[in-house]
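Q: Sharing a sequence plus its predicted fold:
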Amino acid sequence: MSGNNGKSPAFGPGPKSQDLLKMRDEHVARGISYVLPVFIEEANGALLKDVDGNEYLDFTTGIGVLNIGHNHPAVIEAIKKQADQYLHTCFMVTMYEPYVRLAAGLNKLAPGNFPKKTALFNSGAEAVENAVKLARRYTKKTALVSLECAFHGRTLMTMTLTSKVRPYKYGFGPFAPDVYKIPSPYCYRCRFGLNYPDCNLKCARYLEQFFAVECTADHVAAVIAEPIQGEGGFIVPPADYFKVLHEICRNNDVLLIIDEIQAGFYRTGEPLASFHFGVDPDLITMAKSLGGGVPISAVTGRAEIMDAAGPGEIGGTYGGNPLACSAALAVLEATEKENIAERAKETGRLAAARLDQMAEKYKLIGEHRGLGAMRALELVKDRQTKEPAPEAAKKIIKRCHENGLVIITSGIFSNVIRLLMPVNIPVEQLNKGMDILERALAAEEGGN
């Protein structure tokens, strides 16, 4: 992408996007939302170009799907090569090599010095659904525990595991039975009014109380948690949170499922975010950046748990599609060759430095948090009361769009600005995006 033909990015669709918007409104279900009312014609790295020639910096990467950027050459080449051979056979009918090689690669990537196996699916929600099935079959127990502020998907089970009511759950009940919630490690808004480390990780130890007063451990199959809560607002737990949570699970014969769908694949500077917390989950769900832009997901875990289901009891027609497997293999190879882990750490370091400066300067920012290139600003009306400021977040997002930066919000109160730039974004593009964000913050705080 060489530029935008001299045009300045502008919020609001150009003539071609307007025509497509009319078609969209006529033919696409209203429940499918959009952030920026433009249609993309081309994408490369951290750049998007719309059908009217306007160019944008993308700090969303398809909501964490393109950690190594749009149209990575190795991924595109792998897809083209696979397309020339075959597009689909269904692995459950006639098998193919890319599926097996990808499973081996993910088994090697995942933490834990024990035998592992992998099953491939299509979406993050589908991976979570199958992790639940395997946990229930292995433990012969049915109850599930997830965290407040969690997001695990939009299917019946994953919507039930999810905590944010609007827009994900409102009016869509009844929900799946035997699913419970415990407080998340949201230190900025601690449910218990405590401060780390004096709190003794009460949010994690609450699981023991839960077993006593809510649902006994001999009924609970698994606890599922994101290592960093994504839609919940990029909530980063204390370093020892998962060690305590996992110990309680092990002591009670309860499995720990870690949902790496948004935080995984070098987003935080490690292959998976689990590595930051020194925990070896029983099962891991993965998706998003695994396929470099192609839909694919996985469940990887202890071999004995993964083998709990018999032949034909898990799977799916498109699960582990050959194109997607080949793309994912290219992602694994590229991340190693290009030292993406170090790139993510450096991008995170540079972004964090700028965001720390903004947090000191602008009272709207209640907290800056994140790991690696997974960064967020929580906006508040008052730093003392911590009253959420969702309207300010919305206005800042709009100003960023008007100046060519695509970013989105998150958080239970929709007051968190999340940044998911490509982890290998060039420094000058990162700085440009940060400049646009800071100008938007300044304008909002100044009342302009």
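A: It's in. Numbering: from 1, shown residues only.
Q: Look up the closest residue to the residue nearest the centre of the chain, ignoring the ones flanking it.
A: Nearest to the mean C-alpha position of the chain, by C-alpha atoms, centre = their mean, lies residue 262 at 1.8 Å. Among residues not flanking residue 262 along the chain, residue 230 sits closest, at 3.7 Å (C-beta to C-beta, 6 or more residues apart in numbering). C-betas here are computed from N, CA, C, even on glycine.
Q: what's the answer for residue 207, then?
A: residue 248 (4.9 Å).
Q: for residue 344, same thing?
A: Nearest to residue 344 is residue 423, by C-beta to C-beta, 6+ apart, at 3.8 Å.
Q: Tell me which stretches of the stretch 1-150 of the chain form helices.
A: 15-27, 61-64, 73-83, 97-109, 124-139 (DSSP state H, counting those that start in this stretch).
Q: What residues of the helix ranked longest in the chain count as buried?
A: Longest helix in the chain by number of residues (criterion: DSSP state H): helix 340-361. For helix 340-361, a neighbour-count test (16 or more other C-beta atoms under 10 Å) marks 340-341, 343-348, 350-352, 354-355, 358-359 as buried.
Q: what about the residue nearest to residue 157 when sequence neighbours are not counted, which SS state?
A: Excluding the flanking residues, the one nearest residue 157 by C-beta to C-beta, 6+ apart is residue 176, at 4.9 Å. Here residue 176 is coil, with the state taken from DSSP: H, G, I helix; E, B strand; the rest coil.
Q: distance of residue 176 from residue 142?
A: 10 Å (C-beta to C-beta, to the nearest Å).
Q: shared neighbours of the two, anything?
A: Common contacts of residue 176 and residue 142 (C-beta atoms under 8 Å, 6 or more residues apart in numbering): none found.
Q: Now do the same for residue 375: helix, strand or coil?
A: Reduced to three states by three-state DSSP, residue 375 is strand.
Q: quick one, what contacts it?
A: 234, 348, 351, 352, 355, 368, 369, 418, 419.
Q: From residue 298, how far off is it?
A: 26 Å.
Q: go on, residue 107?
A: 10 Å.
Q: Show me how far the strand or helix carrying residue 221 is from its chain's centre.
A: Assigned by DSSP states H and E, residue 221 belongs to strand 220-225. Centre-to-centre, strand 220-225 and its host chain are 19 Å apart (C-alpha atoms, centre = their mean, to the nearest Å).
Q: following it, which helix or strand shows up next?
A: That would be, after strand 220-225 and using DSSP H and E, helix 241-251.
Q: What lies in contact with that next one?
A: 185, 201, 203-205, 207-208, 222-223, 225, 227, 254-256, 258, 274, 277-281.
Q: How is the protein partitioned into domains?
A: Here the domain assignment for the chain is 15-71+340-445, 75-337, based on automatic domain parsing.
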